[in-house]
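>>> Sequence below, structure please.
(chains A and B)
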Amino acid sequence: MSASLIVFLKEVRENLRDRRTLINSLITGPLMAPLFFVLIINAAVTRETDRAEKVLKVPVIGAEHAPNLVAALKRSSIEVVDAPADPEKAIRDQENDVILRIPAGYGEAWMKGEPAQVELLFDNSRQDSGALVARVRNSVESYSSTIAAQRMLVRGIAPSVAKPIVVASRDQSTPQSRSGIMFGILPYFFILGAFMGGMPLAIDTTAGERERQSMEPLLINPVARWKIIVGKLMATSAFAMTTVFLGILAFAIAGRAMPTEKLGIVLDFGPQFIASTLFVMAPLAIMLASLQTFVAAFARSYREAQTYLAVLTFVPVVPTMLLILYPTKTQIWMFATPLIGQHVSILGFLRGDVVPFSSLLLCFATTAVAALFLVWMTARLYQSERVAITG
Amino acid sequence: MIELRDLNKAFGDVKAVDGVSFTARDGEITGLLGPNGAGKTTTLRMLYTLMKPDSGQVLVDGVDAAVDPVSVRRSLGVLPDSRGLYKRLTASENIEYFGRLQGVDEATLAQRRDALIAALDMADIADRRTDGFSQGQRVKTAIARALIHEPRNVILDEPTNGLDVMATRAMRDFLRHLRDQGRCVLFSSHIMQEVGVLCDRIVVIAHGRVVADATPDQLREQTGEASLEDAFVQVIGSAEGLSA
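You can find the predicted model right below:
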């Protein structure tokens, strides 16, 4: 039996006996993504259905100046309620989302045939009020164009004269591609899963081994150090892979329970999704395991290593956030960059795009090269006396 | 047989080991005695190839440690200064892990493991996880795993550190047992009574240098002191750091 395999089997056996590690790698890590998305999607669905069906209560100031407008609002499921004493303050204090003000001069302007002004009060920095504001604005504007058409007809003009151009929207997004917006963060959860799954072993096999003073006896065995390191990395990678695999599986199962069709989204969680995601995540798990092991090797104690690795966990957030903030067309260099490659690949799978196999292969290959480099760096680090000696 | 020739090792400006040479022979117990901080552990670490000497040579059974460290490590059984165990593994599993890394086949491994467990009188703890072991139980396990490949040469860094009287006595008997099997036994200690009763040869180290290399009787003769304790104090130059 090769030395690496002996080390691998021992590390796996030892860590399988640690309840904390097991819970972390087999339960917390994998269930994080599905739980997060079940919560978010359900909240989103509840909100959307509430919005569409609910009668919207809108405070209107000076409703008595425009009884016809108020009647038109009521016809489009907007209930007019009494306005607060200080409407600007009510908006600022977030007591109301939107308030309609009909000035006293409304009736006079209307009679003269001049544009009668109404005011919409809202806070544009509040995201959740946007849909409500749009609904009130649409109601007012549709009433306005109905009246405009009537006035033109009275004067013997075809209403179409006032509309030389009509814009017809033809949305080319598919239910699957719309899901990309909501699930842009999903790849990060898989990457985070790899991080979490490997973390206890990355620490236990390095800083932990030094802290409990077993590193020196281990390295006295007649085995090349790189073989010992490879065995340790194999064990850490195996745990990281298990977490990722269970995470993808849990997500695929939970995905069926998510009421995504109510949001007009279709997700593809078939065996193809599972297999492709695993394919691009496998080298990344090894790369992250090596990175964690490399960093943890600098720590003298378990606690110190935990601090370092907690900071390291935020590294993969950066490419994910950049891609969410600046969604750009997927380009070939993205597949060639570890972390970003996994991100765009998994998003592609989710959207149901056909990701060319050559791109996936590129993603796999560059990440594998990065992983091998980190394995080599870690093995080299363990050649130094500083790492081997505890005292 | 272990031969050290003019070993030197410095950490920054501090010369931890300054030209140490001595020989530990087969069928003898050699004691490496010195106060705390004298350079014993550093000397032993260079011997079992964990550290590279700045200069000098280590020969184990005639093999140069700088040329072939792996076969040197195979012919050494080492109880180092750090002797941590894997606490989620049983004592037996700890021993087997090192046996497999030494390349011992499974049948031989089981046989030697049982023999060591009997010799070290640790049958009652063999199948217990090492978490919560007493100091003595930990040392026994660490010694068993160091000897699982039946090395010709045995090196122990302060083996009786933290042991109670009974465990210390058992340890001495075990070292004599190893010597009687014809092995070369080298151990370090800062407790001179222990070295006095156990050793066939004593190497005294102080400030990184060998200040005496003799049998206990010769040492007493050389210094003209009747007791070993006084002899030690004289060769070291002070009583500092020597404790019972």
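>>> need the residues of chain A near chain B, please.
Within chain A, the positions lying close to chain B (Cβ under 8 Å from any Cβ of the partner chain) are A:1, A:3, A:6-7, A:10, A:13-15, A:17-18, A:209, A:212-224, A:385, A:388-391. No exception for glycine: its C-beta is placed from N, CA and C like everyone else's.
>>> Are any of these buried, and if so which?
A:3, A:6-7, A:10, A:14-15, A:18, A:209, A:212-223, A:388-390 (16 or more other Cβ atoms under 10 Å in any protein chain shown).
>>> Look at A:Ser276 and tell me its secondary structure.
At A:Ser276 the chain is in helix, as set by DSSP: H, G, I helix; E, B strand; the rest coil.
>>> same check, this time on A:Gly247
Once three-state DSSP is applied, A:Gly247 turns out helix.
>>> Can you list the low-confidence ranges for chain A?
Applying pLDDT under 70 to chain A picks out residues A:1, A:48-53, A:173-182, A:260-261, A:263-267, A:388, A:390-391.
>>> those strands in it, which residues are they?
Here chain A has its strands, by DSSP state E, at A:56-61, A:78-82, A:98-101, A:119-122.
>>> repeat for chain B
B:2-11, B:14-24, B:29-33, B:55-60, B:63-64, B:76-79, B:153-157, B:184-189, B:201-206, B:209-214.
>>> Would you reformat these as JSON lines and include mean pLDDT and distance to chain A?
Formatted as JSON lines, the strands of chain B follow (pLDDT from 0 to 100; distance: least, Cβ to the nearest Cβ, whole Å):
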{"stretch": "strand B:2-11", "mean pLDDT": "93", "distance to chain A": "10"}
{"stretch": "strand B:14-24", "mean pLDDT": "92", "distance to chain A": "12"}
{"stretch": "strand B:29-33", "mean pLDDT": "93", "distance to chain A": "17"}
{"stretch": "strand B:55-60", "mean pLDDT": "95", "distance to chain A": "12"}
{"stretch": "strand B:63-64", "mean pLDDT": "94", "distance to chain A": "12"}
{"stretch": "strand B:76-79", "mean pLDDT": "94", "distance to chain A": "5"}
{"stretch": "strand B:153-157", "mean pLDDT": "94", "distance to chain A": "9"}
{"stretch": "strand B:184-189", "mean pLDDT": "93", "distance to chain A": "14"}
{"stretch": "strand B:201-206", "mean pLDDT": "91", "distance to chain A": "18"}
{"stretch": "strand B:209-214", "mean pLDDT": "90", "distance to chain A": "21"}
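>>> Could you state which residue of chain B sits nearest its centroid?
B:Leu156 (1.7 Å; Cα atoms, centre = their mean).
>>> What residues does chain B have near chain A?
Contact residues (Cβ under 8 Å from any Cβ) of chain B with chain A: B:41, B:45, B:48-52, B:70-71, B:73-74, B:76, B:78, B:80-89, B:93, B:97-98, B:100-103, B:142, B:145-146.
>>> Buried only: go through the residues you listed for me.
Counted by 16+ other Cβ under 10 Å, the residues of chain B next to chain A give B:41, B:45, B:48-51, B:73-74, B:76, B:78, B:80-89, B:93, B:97-98, B:100-102, B:142, B:145-146 as buried.
>>> Cross the residues you listed against helices and list the overlap.
Those of those mapping onto helices are B:Thr41, B:Arg45, B:Arg73, B:Arg74, B:Glu93, B:Tyr97, B:Phe98, B:Arg100, B:Leu101, B:Ala142, B:Arg145, B:Ala146, per DSSP state H.
>>> Spit out the contact partners of the last one.
Each residue near B:Ala146 by Cβ atoms under 8 Å, 6 or more residues apart in numbering or on different chains is listed here: A:Pro217, B:Gly77, B:Val78, B:Leu79, B:Phe98, B:Val154.
>>> try the second one
Residues counted as contacts of B:Arg45 (Cβ under 8 Å, 6+ apart) are A:Ile389, B:Met51, B:Pro80.
>>> run the last query once more with 10 Å
A:216, A:220, A:385, A:388-389, A:391, B:9, B:16-17, B:51-53, B:78, B:80-81, B:157 (Cβ atoms under 10 Å, 6 or more residues apart in numbering or on different chains).
>>> For A:Trp376, the count of nearby residues, please.
Residues within reach of A:Trp376, counting by other Cβ atoms under 10 Å in any protein chain shown, total 13.
>>> for stretch A:143-163, the distance to its chain's centre please.
47 Å (Cα atoms, centre = their mean, to the nearest Å).
>>> Buried ones in that stretch, by neighbour count?
The neighbour-count check on stretch A:143-163 (16+ other Cβ under 10 Å) flags A:Tyr143, A:Ala149 as buried.
>>> Could you tell me the end-to-end distance of it?
16 Å (Cα to Cα, to the nearest Å).
>>> where's A:Ile324 relative to A:Leu347, distance?
According to Cβ to Cβ, to the nearest Å, A:Ile324 stands 10 Å off from A:Leu347.
>>> Hmm, I typed the wrong one, I wanted A:Phe245.
19 Å.
>>> from what I can see A:Gln292 touches A:Phe195, true?
Yes: contact between A:Gln292 and A:Phe195 holds when scored by Cβ atoms under 10 Å: they sit 7.4 Å apart.
>>> Neighbour count: these two, which is higher?
Each of A:Gln292 and A:Phe195 has its neighbours counted (other Cβ under 10 Å); A:Gln292 has more, 29 against 26.
>>> Just list the residues touching the closest residue to that one other than its chain neighbours, thanks.
In this structure, A:Gln292 finds its nearest non-sequential neighbour in A:Ala202, 3.6 Å apart by Cβ to Cβ, 6 or more residues apart in numbering or on different chains. A:Ala202 is in contact with A:195, A:208, A:232-233, A:235-237, A:239-240, A:288-297, A:305, A:309, A:312, counting by Cβ under 10 Å, 6+ apart.
>>> more crowded one of A:Ile324 and A:Leu347?
Legend: neighbour count by other Cβ under 10 Å for A:Ile324 and A:Leu347, higher for A:Leu347 (22 against 13).
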